[in-house]
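Colleague: sequence unavailable; structure follows:
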């Protein structure tokens, strides 16, 4: 009886410990969730106090992060309105766009989907990284550290190792930049969150299939690889390259079971990607596809891109790791996949935004390898007495060290996103005039109607908040020739009476002359011609100014569809000469400084 009572007490005590651990883990997930969701709570509260409405999709003050968010929201809105595959736009079948469009129908707006994503996806990412590291290391606390490091601290690898004065300054610069309120954490973006969840799931199930030798898990990994083709270019290239390198290693080692599983995963993924390739080949047939890729930052050349720190770390990792087991080859395969893709231009002569392979996936992978390295470094059988004692000391303070670093990352995450919210909340709202005009367009115009504005800001926001398209071409979305983009620009500016001196200031390479461009419009060149810096040469600028003086806007109106003309707010900052000369239009909406005209056809 006593033995039974003691056994039950031990069982009850063990169960209580398990419940406490699970409870603490769930609490930690909630803390992670709130660290990414808190900007929405803070900004919504502060704006409500000022009588304003919060929205996460704005472009003032301008930043590339906001650009990406607004551009992505416009894609979701087009899918929601049934116009995603509209002719003239680069529209690969992106899975998450349709998923979020479906969620928009359920939640009422893309705004609600974006907010929900910040609360849900970061904890999922953390959980997946934790599960992967637990499988690899069999250590729970260090796996928690790995999840926190991937979410909050991966960008610090750009300045590693901080052992020189310049590297210390660079590390401090990254800490200050992310903590200054200028930008939120990387995983605060809906598209990045979803894509990273898929690639992490693919890697996790792929590793588990190789570890357990289960065909079902290999099939699941293959399905996720196929899904990656419809998610993000840099992720599916990374995953499939890592699989191929690991397959070669497995064949060399004559590990036939692993080789079959890897091959199964690759084959399933490639079969599922067939519709993607049909879409890609049809895109290549477009006569403007090369100009589109250049606008999208196509890079030519064969200059090596060698991340010396990564390679030095890989060498030390190899020495310390010890026995070359399957996990070692798995980690190194994906590491060298990233290195190879960073230098793919050495083979092809060209690449697209090559550093995205580093920023979006390789540095995360190096963080995972660092966590494995931390475990191995205390287990390594050192011969040197001093180093062996140092390793033993590290082993003794292991729990304290991990706990302190985890706490730092969590604090840093709250500080970064919280300060960003407090410093920038005033910009995350649309004026009542703007919201009213957008509502009018939704209620009184046909789905897909084209609205002309000489403001790039208005043109960028229109596809997000209305079911209308913008007349001014977004060069990173429209598969249009540069000539068409320029002609649309000339037509809009000529019709709206924009003076020649403004066009000269806009196209000038002289930064001092850019002062003639109204605040917030200077990013217009990037809107039309991308970010690669080669979009508008001096010769082309002079040619455009000359054409502007001679251009007849009726040519553009007859060639390209346009239904409405928007004048107001941003546009009013431009001091125009004459407006609408010779163009039959009727004012159909007026509210404050915004007027919308309907073009009367035929012209």
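Modeller: Great, that's in hand. Since the model is a prediction, treat every value here as computed from it, not as a measurement.
Colleague: burial count for residue 257?
Modeller: Residue 257: 10 surrounding residues under other CB atoms under 10 Å. Every C-beta, even on glycine, is put in place using the N, C-alpha and C of the backbone.
Colleague: same question but for residue 215, I mixed them up
Modeller: Neighbours of residue 215 under the rule other CB under 10 Å: 12.
Colleague: show me the contacts for it.
Modeller: Residue 215 sits next to 209, 261, 264 when contact means CB atoms under 8 Å, 6 or more residues apart in numbering.
Colleague: do residue 362 as well
Modeller: 238, 307, 310, 335, 338, 339, 341, 342.
Colleague: look up how far residue 206 lies from residue 327.
Modeller: 12 Å (CB to CB, to the nearest Å).
Colleague: who has more neighbours out of these two?
Modeller: residue 206 (26 against 17).
Colleague: distance check, the more buried one against residue 333.
Modeller: 11 Å.
Colleague: one more: residue 81?
Modeller: The gap separating residue 81 from residue 333 is 43 Å, by CB to CB.
Colleague: does residue 244 touch residue 269 like I think?
Modeller: No - using CB atoms under 8 Å as the test, residue 244 is too far from residue 269 to be in contact (11.3 Å).
Colleague: please say which of these two ends up with more neighbours.
Modeller: More crowded of residue 244 and residue 269, by other CB under 10 Å: residue 269, with 23 against 16.
Colleague: which members of the contacts of residue 362 occur in strands, if any?
Modeller: Assignment to strands by DSSP state E places none of the contacts of residue 362 there.
Colleague: please report phi then psi for residue 56.
Modeller: Backbone torsions of residue 56, given as degrees, to the nearest 10, read phi -80, psi -10.
Colleague: please apply the same query to residue 541.
Modeller: Here residue 541 shows phi and psi, under degrees, to the nearest 10, equal to phi -60, psi -50.
Colleague: residues near it, how many?
Modeller: When neighbours are counted by other CB under 10 Å, residue 541 registers 17.
Colleague: looking at it now. What's its pLDDT?
Modeller: For residue 541, the model assigns a pLDDT of 70.
Colleague: contacts for the one helix or strand residue 79 maps to, please.
Modeller: According to DSSP states H and E, residue 79 maps onto helix 64-80. With contacts defined as CB under 8 Å, 6+ apart, helix 64-80 is touched by 56-59, 84, 86, 91, 94, 97-98, 100-101, 104-105, 110, 113-114, 183-184, 189-191, 460-461, 463-465, 467, 474, 476-477, 523, 526, 531.
Colleague: look up the closest residue to residue 251, ignoring the ones flanking it.
Modeller: Spatially, and ignoring its direct neighbours in sequence, residue 251 is nearest to residue 259 (5.4 Å; CB to CB, 6 or more residues apart in numbering).
Colleague: packing partners of the helix or strand the one you found falls within?
Modeller: According to DSSP H and E, residue 259 maps onto helix 256-272. For helix 256-272, the contact count by 3 or more CB pairs under 8 Å, 6 or more residues apart in numbering; DSSP states H and E identifies helix 190-212, helix 215-228, helix 233-252 as packing neighbours.
Colleague: report the mean per-residue pLDDT for that helix.
Modeller: Per-residue pLDDT over helix 256-272 has a mean of 95.
Colleague: how about it: buried residues?
Modeller: Neighbour counts using 16 or more other CB atoms under 10 Å place 258, 259, 261, 262, 263, 264, 265, 266, 268, 269, 270, 272 of helix 256-272 among the buried residues.
Colleague: from those, pick the one nearest residue 491.
Modeller: Closest approach to residue 491 among the buried residues of helix 256-272 (CB to CB): residue 272, at 43.0 Å.
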